[in-house]
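# Generate a structure from the sequence data that follows.
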Amino acid sequence: MLLDFGFTQTFSRHFAYIFGGAQFLHREGLPPSSVMPLNPSLLAATIVGARRLYLALAVIAALVLATAGTAYIITIAGRSGLERDQVLSGWGIFCLSACLSIYFQWQSALLSGADRVSQTYKIGIVSRMVQLISSLAALALAPSIVTLAAAYAASIVSSYLYSHYSTRDLIPSNAASVARHSQQSPSDILNILWHGSSRLGLVFIGSFLITRSNTFSISYFLGLSVSAQYAVTMQIFNIAQALATTAFAINYPKMSGARLAGNMVRLRELFLKSLSFSWIVYALLAAAAIAAGPYMIYLLGSKTSLPGREVMILLASVLFLEMNHSLCANAIVTSNRVPFVRAALISGIAIAAAAVSIGLVGGTLLGFIAAQGLIQLTYNNWKWPLVVMRDFKIARAPTEWITRGF
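Take a look at the predicted model:
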């Protein structure tokens, strides 16, 4: 996520502008609304730029994994008594596969921008199935680190092949040649997109601090037992969030297109539909997890229990508000503006500092969660929904958010 630094979301949004008829891309703000057909030279130049960028990211990842990563793996292998040659062989296959996965990420951005988000989900499902089947076969026939790494490589190859098949009708023939006719070169486009991507990258750093600070501090101050309870609960609610935000992800390219066309009625409709879906699905899944989660853990015979019900209710509420303002922030970004960089960084630093402070004074798990929620309530939880309500001209009554969404 940090290495991507916001490029995938930025490319996806600008691809949506291009498929919506944009003839030029801008550093900030929307391109002029246009009823002209797709500009193939601009599309080709953006694809060439995306390929160059993700190739550079893959090379950077390869250098980091080959140096610091390899040193770390050698150290772990030595301490664990594992066969060094086998570990390094498996690590090499994994590194190559991971770097290829980074490079092929431009295909995902292109599919999302072309309003084929459902296709990206299908590609993800096929990739995971290939990895699962390959891993099971490897464990049954020749269990080793190398064969498991090869199973991961097989999933990356299958993902590339499926993505290549899915994007074949979107990429102009001889894209590099067509790109030369664009008034904005691939280098120009990368410079334009860097402005938005760099700001989103800083937001991702803030989000990382917001979501991970408690995990590290709880592990350090409260011990592995409490940390395991927190981690399992977070996994459950993260799954609920992922399922709840599916509609928003699928409709996001449509929102970008509606924003470009200046169709605020359509934009408002898509946003409210997606948001109300997220609210309802998350509420149902979170309630089910709180009510039945401890019993399911018991039936599964897990040695890790879930925290008390009051802790789960508080965490579910904090994460609900986090999801809500994050979706509103993403809706704001459809205008090609990122006004929440400073807020994300300040909040992330404040939550990290609060987590350490609570740990030093002997705080409880409830205290760590409450601190995160209170810090977010002071600004982010209300600020970005309010900006969306004003921008999209939505009435403040929550009933309108739900009824119009339905």
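# any idea of the mean pLDDT in the host helix or strand of residue 330?
Using DSSP states H and E, residue 330 falls within helix 309-333. The pLDDT scores in helix 309-333 average 95.
# Next, report how far it is displaced from the centre of its chain.
Put simply, helix 309-333 sits 15 Å off its chain's centre (CA atoms, centre = their mean, to the nearest Å).
# Can you list the buried residues in that helix?
By neighbour count on 16 or more other CB atoms under 10 Å, the buried set for helix 309-333 is 311-312, 314-316, 318-333. In this view, the C-beta of every residue, glycine as well, is placed from N, C-alpha and C.
# In terms of secondary structure, what does the helix or strand containing residue 292 contact?
Following DSSP H and E, the helix or strand that holds residue 292 is helix 264-299. The contact analysis (3 or more CB pairs under 8 Å, 6 or more residues apart in numbering; DSSP states H and E) places helix 264-299 against helix 186-244, helix 246-261, helix 309-333, helix 380-392, helix 398-405.
# now the longest one: mean pLDDT?
Model confidence over helix 186-244, given as mean pLDDT, is 88.
# what packs against that helix?
If you count contacts as 3+ CB pairs under 8 Å, 6+ apart, helix 186-244 packs onto helix 7-19, helix 40-64, helix 264-299, helix 309-333, helix 341-360, helix 365-377.
# In a markdown table: those, plus distance to residue 110.
Formatted as a markdown table, these follow (distance: least, CB to CB, whole Å):
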| stretch | distance to residue 110 |
| --- | --- |
| helix 7-19 | 6 |
| helix 40-64 | 7 |
| helix 264-299 | 21 |
| helix 309-333 | 18 |
| helix 341-360 | 26 |
| helix 365-377 | 34 |
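# so where do the strands sit in the stretch 1-150 of the chain?
Using DSSP state E, counting those that start in this stretch, the stretch 1-150 of the chain contains no strands.
# where are the low-confidence patches of it?
Where the stretch 1-150 of the chain drops to pLDDT under 70, the residues are 1-5, 33-36, 80.
# can you give me the helices in it?
Using DSSP state H, counting those that start in this stretch, the helices of the stretch 1-150 of the chain run over 7-19, 40-64, 70-80, 84-103, 105-113, 117-141, 145-167.
# So which of the ones you listed is nearest residue 354?
helix 7-19 (28.1 Å; CB to CB).
# Tell me what angle the closest one forms with helix 246-261.
Angle of helix 7-19 versus helix 246-261, following axes from the mean of the first three to the mean of the last three CA atoms, to 10 degrees, is 50 degrees.
# any idea how far helix 7-19 is from the chain center?
15 Å.
# Which other helices and strands does that helix contact?
By 3+ CB pairs under 8 Å, 6+ apart, helix 7-19 packs against helix 40-64, helix 105-113, helix 186-244, helix 246-261.
# Identify, out of those helices, the most deeply packed stretch.
Most buried of the helices and strands packed on helix 7-19 by mean neighbour count (mean count of other CB atoms under 10 Å) is helix 105-113; its value is a mean of 24.
# The helix holding residue 330 to helix 7-19, inter-axis angle?
40 degrees.
# Helix 309-333 - contacts with which helices or strands?
On a contact count with 3+ CB pairs under 8 Å, 6+ apart, helix 309-333 meets helix 186-244, helix 246-261, helix 264-299, helix 365-377, helix 380-392.
# and with 10 Å instead?
helix 7-19, helix 186-244, helix 246-261, helix 264-299, helix 341-360, helix 365-377, helix 380-392 (3 or more CB pairs under 10 Å, 6 or more residues apart in numbering; DSSP states H and E).
# Packing partners of the last one?
Of the remaining helices and strands, those touching helix 380-392 by 3+ CB pairs under 10 Å, 6+ apart are helix 264-299, helix 309-333, helix 341-360, helix 365-377, helix 398-405.
# how is the protein carved up into domains?
The record assigns the chain these domain ranges, following automatic domain parsing: 40-181, 187-406.
# export the helices of the stretch 1-150 of the chain to TSV and tack on distance to residue 286?
Shown next, in TSV, are those (distance: least, CB to CB, whole Å):
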stretch	distance to residue 286
helix 7-19	26
helix 40-64	35
helix 70-80	37
helix 84-103	31
helix 105-113	27
helix 117-141	22
helix 145-167	30
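# Go through those and name the closest to residue 222.
For residue 222, the closest of the helices of the stretch 1-150 of the chain is helix 70-80, at 25.4 Å, according to CB to CB.
# ok, residues contacting that closest one?
Helix 70-80 is contacted by residues 64-65, 82-88, 90-92, 94-95, 145 when judged by CB atoms under 10 Å, 6 or more residues apart in numbering.
# residues touching residue 385, list them.
275, 321, 324, 325, 327, 328, 329, 331, 394, 396, 401 are the contacts of residue 385 under CB under 10 Å, 6+ apart.
# From these, pick the one nearest residue 256.
After measuring the contacts of residue 385 against residue 256 - CB to CB - the closest member comes out as residue 331, at 10.0 Å.
# circling back to that earlier point, mind checking which of the helices and strands packed on helix 186-244 is nearest residue 221?
Per CB to CB, nearest to residue 221 of these: helix 341-360, 3.3 Å.
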